[in-house]
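Participant: Sequence first, then the predicted structure:
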Amino acid sequence: MNEKTNVVRIFEQKKINFKFHTYSSTGAISGVEVAKTIGKDESCVFKTLVTIGKSRKNFVFVIPVAKELDLKKAAVAVGEKSIEMLKQKDLLPTTNYVHGGCSPVGMKKFFETTIDATALECPTIVFSAGKIGYQVELSLSELAKVIKFKTADIITE
């Protein structure tokens, strides 16, 4: 592993059992392309979305790459009247991550995190290692050793 991201450092420090995937040399951009490139079922490859609630609090949602976040379901899941996507220009200052390389692990500060309930059907889930071109794969039980999260139905039908 030639690229140690914050996520990888955190996992190694906490002795988390995970796999590392890289696709940096492939030109894959969309999450679906990434899933194909690393040979994983796209329903178990997830993207990390950062939102802001009516209360001005930030929330993190982790959903399958081929799906869309249902803002109404997401708001209900976190007890907000409404939520909207964080503006791209606010992502780096808020999380320390760039668009396409955002991970639910290792953000500048921890935000309430909800993972789509479909993750419960995956033996492992894959998500960004915190840098474009790098992914980590682990079970939800291993992830629970690093961050607090809940699962809920948060994607559009």
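Facilitator: Received the coordinates, thanks.

Participant: do you know how far the residue of the chain most remote from its centre is from residue 52?
Facilitator: Of all residues in the chain, residue 81 has its C-alpha farthest from the mean position, at 22.9 Å, by CA atoms, centre = their mean. Separation of residue 81 from residue 52 (CB to CB, to the nearest Å) stands at 12 Å. For the C-beta atoms, the positions are set from N, CA and C on the backbone; glycine is no exception.

Participant: So residue 38 sits against residue 126, correct?
Facilitator: Yes. Counting by CB atoms under 8 Å, residue 38 does reach residue 126; the two are 7.1 Å apart.

Participant: which neighbours do those two share?
Facilitator: Residues touching both residue 38 and residue 126 by CB atoms under 8 Å, 6 or more residues apart in numbering: 21, 45, 135.

Participant: List the beta-bridge partners for the residue positioned nearest the centre of the chain.
Facilitator: Closest to where the C-alpha atoms of the chain average out (CA atoms, centre = their mean) is residue 48, at 3.0 Å. Beta bridges link residue 48 to residue 62 when assigned by DSSP bridges.

Participant: residues in contact with it?
Facilitator: So residue 48 contacts 60, 61, 62, 97, 102, 103, 104, 127, 128 (CB under 8 Å, 6+ apart).

Participant: Let's see that with 7 Å instead.
Facilitator: Residues near residue 48 by CB atoms under 7 Å, 6 or more residues apart in numbering: 60, 62, 102, 103, 104, 127, 128.

Participant: What distance do you get for the second one to residue 126?
Facilitator: Here residue 62 is placed at a distance of 11 Å from residue 126 (CB to CB).

Participant: do the fifth one as well
Facilitator: Between residue 104 and residue 126 the computed distance is 12 Å (CB to CB).

Participant: Show me which of the two is the more surrounded one.
Facilitator: Taking neighbours as other CB atoms under 10 Å, residue 104 and residue 126 compare with residue 104 leading, 27 against 24.

Participant: Give the other helices and strands that whichever strand or helix holds residue 113 contacts.
Facilitator: Using DSSP states H and E, residue 113 falls within strand 112-116. The contact analysis (3 or more CB pairs under 7 Å, 6 or more residues apart in numbering; DSSP states H and E) places strand 112-116 against strand 58-64, helix 71-78, strand 150-152.
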